[in-house]
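S.K.: Just the structure for this:
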Amino acid sequence: MTGLRLSLALETGGLSLSDDSRVVVLYPTRETDLAPLNRDQVTVVTGFYPDFTYFEQAGYTCTTDLDGDFDVALVCAGRSRDKTRAAIARAAHHASLVIVDGAKTDGIDALLRACRKRTEVHGPINKAHGKLFWFDGGPAHDDWRPGPAREAVSGFVTVPGVFSADGIDPASKALAESLPTKLGRQVADLGAGWGYISAQALGRDGIEEIHLVEAEHDALACARHNVSDPRAKFHWHDVRTWQPDEKLDTVLMNPPFHTGRTASPALGREFIAAAARVLKPSGHLWMVANRHLPYEAALTESFAEVTPIVGDTRFKLFHARRPSRQRG
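M.R.: I've put the predicted structure just below:
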């Protein structure tokens with residue numbers, strides 16, 4: 001509902017933008033309505049591959065990083081408090097006017113209170129379970145600016161906003177510990193995150209290439225640091241549409257199951273279908289998932305053999321063989 005709140009702010013809330021204002025929008029999603037803005041003057045910053053391609057195809061100038069100066073910056077608040085705060089600080093450094101928009105479920109109320117302690121805030125516009133407010137750019141939020149990548153655990157760096165930024169995900173650790181001695185020549189880690197599973201898999205025999213496929217640009221940048229083995233190949237792409245040059249022996253994955261704050265098991269099912277598509281007829285899938293997620297039907301639909309592996313009360317592991325749907 002960003003577009004609705006922005007329209008109200010422009011029409012009756014006292015917010016004023018000229019048609020030639022150079023605007024940068026930080027971290028919108030495909031659901032973000034930017035119609036009130038002059039598209040020709042808008043630059044979209046997002047590192048999430050599906051959102052990047054969506055806005056690029058819609059005719060916006062897109063980039064994965066904020067660079068240069070702008071008249072206006074619109075920050076779209078997200079699930080990660082630290083990532084949103086860092087975006088506000090960077091926006092205030094690069095733009096004369098900063099607009100912040102977000103849903104209540106993404107902590108916009110707490111963010112508004114925090115900003116009011118630092119600078120004079122205008123608005124807010126309250127509508128559709130969210131808020132939009134704005135303030136002048138400047139140094140008031142400099143202490144929110146992002147620092148260098150940090151070590152989540154010894155030897156691995158992460159940044160705010162990526163999955164499991166504060167340490168190794170227990171499910172990923174369980175999957176890595178369950179892998180067999182040999183995985184084949186060609187392996188892929190679908191939804192590779194900051195690279196933990198791939199780093200562990202490279203200790204197995206016989207791997208010639210491992211493909212780390214990840215839609216989040218920041219996570220893949222961390223993976224490039226964390227997995228320095230020359231056999232690692234990095235792909236900033238949507239797992240659901242990625243296609244390797246040749247069919248693979250093994251796929252590893254701990255698929256995401258959220259779209260924003262909404263649990264979406266459909267996403268995991270699409271990952272399973274993608275795994276079946278990129279594997280050889282004799283290929284193997286090793287997968288971990290939260291225990292409550294209903295993936296068994298999708299696995300048996302896409303693979304001839306599915307074997308559950310002992311997990312725990314939090315997650316379950318599967319070994320699937322011989323994809324039954326070879327597409328593409």
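S.K.: was I right about residue 321 contacting residue 305?
M.R.: Yes - shown here, residue 321 and residue 305 form a contact pair, counting by C-beta atoms under 8 Å, at 4.3 Å. Where C-beta positions appear, they are placed from N, C-alpha and C, glycine not excepted.
S.K.: Flag the shaky bits of this protein, pLDDT-wise.
M.R.: Counting by pLDDT under 70, the chain shows low-confidence ranges at 258-264, 325-328.
S.K.: Per the annotation, how does it divide into domains?
M.R.: 2-144, 150-323 (automatic domain parsing).
S.K.: Can you lay out those domains as CSV showing mean neighbour count?
M.R.: What follows is those, written out as CSV (neighbours: other C-beta atoms under 10 Å):
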stretch, mean neighbour count
domain 2-144, 18
domain 150-323, 19
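S.K.: Show me where the stretch 151-300 of the chain has its helices.
M.R.: 170-178, 196-201, 217-226, 265-278, 296-302 (DSSP state H, counting those that start in this stretch).
S.K.: Looking at these, which is nearest to residue 245?
M.R.: When those are compared by C-beta to C-beta, helix 265-278 sits nearest residue 245, at 10.4 Å.
S.K.: Quick one: residues in contact with the closest one.
M.R.: 188, 190-191, 239-240, 242-244, 247-248, 251, 253, 255-259, 285, 287, 289, 293-295, 298-299, 302-303, 320, 323-328 (C-beta atoms under 8 Å, 6 or more residues apart in numbering).
S.K.: Which of the residues you listed fall in strands?
M.R.: Using DSSP state E, the members of the contacts of helix 265-278 that fall within strands are 188, 190, 248, 251, 253, 258-259, 285, 287, 289, 303, 320, 323.
S.K.: and those as a markdown table, adding distance to residue 122?
M.R.: Output for the ones in strands among the contacts of helix 265-278, formatted as a markdown table (distance: C-beta to C-beta, whole Å):
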| residue | distance to residue 122 |
| --- | --- |
| 188 | 49 |
| 190 | 44 |
| 248 | 53 |
| 251 | 50 |
| 253 | 45 |
| 258 | 32 |
| 259 | 32 |
| 285 | 52 |
| 287 | 49 |
| 289 | 45 |
| 303 | 56 |
| 320 | 55 |
| 323 | 56 |
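S.K.: Contact partners for the residue sitting nearest the centre point of the chain?
M.R.: The residue lying closest to the centre of the chain (C-alpha atoms, centre = their mean) is residue 216, at 4.1 Å. Taking C-beta under 8 Å, 6+ apart, we find residue 216 in contact with 47, 48, 49, 162, 163, 193.
S.K.: can you rerun that using 10 Å?
M.R.: 46-49, 161-163, 191-194, 222-223, 236, 256 (C-beta atoms under 10 Å, 6 or more residues apart in numbering).
S.K.: State the helix or strand in which the closest residue in space to residue 108 that isn't next to it in sequence lies.
M.R.: Leaving aside its chain neighbours, residue 108 sits nearest to residue 102 (3.7 Å; criterion: C-beta to C-beta, 6 or more residues apart in numbering). Per DSSP states H and E, residue 102 falls inside strand 95-103.
S.K.: returning to what we had before: right, and the helices of the stretch 151-300 of the chain - which one's nearest residue 117?
M.R.: Here helix 217-226 is closest among the helices of the stretch 151-300 of the chain (C-beta to C-beta), at 27.6 Å.
S.K.: quick one: the closest one to chain centroid distance?
M.R.: Centroid separation between helix 217-226 and its chain, computed with C-alpha atoms, centre = their mean, to the nearest Å, is 12 Å.
S.K.: Also stretch 271-279?
M.R.: Centroid separation between stretch 271-279 and its chain, computed with C-alpha atoms, centre = their mean, is 20 Å.
S.K.: quick one: contacts for the residue nearest to residue 108?
M.R.: Residue 102 touches 2, 5, 75-79, 84, 108-109, 111-112, 130-133, counting by C-beta under 10 Å, 6+ apart.
S.K.: Residue 111 against residue 80, yeah?
M.R.: No - checked against C-beta atoms under 10 Å, the pair residue 111 and residue 80 is beyond contact range at 11.7 Å.
S.K.: gap between residue 23 and residue 85?
M.R.: Shown here: residue 23 relative to residue 85, a distance of 21 Å by C-beta to C-beta, to the nearest Å.
S.K.: before we move on, what about residue 296?
M.R.: Relative to residue 85, and taking C-beta to C-beta, residue 296 is found at 40 Å.
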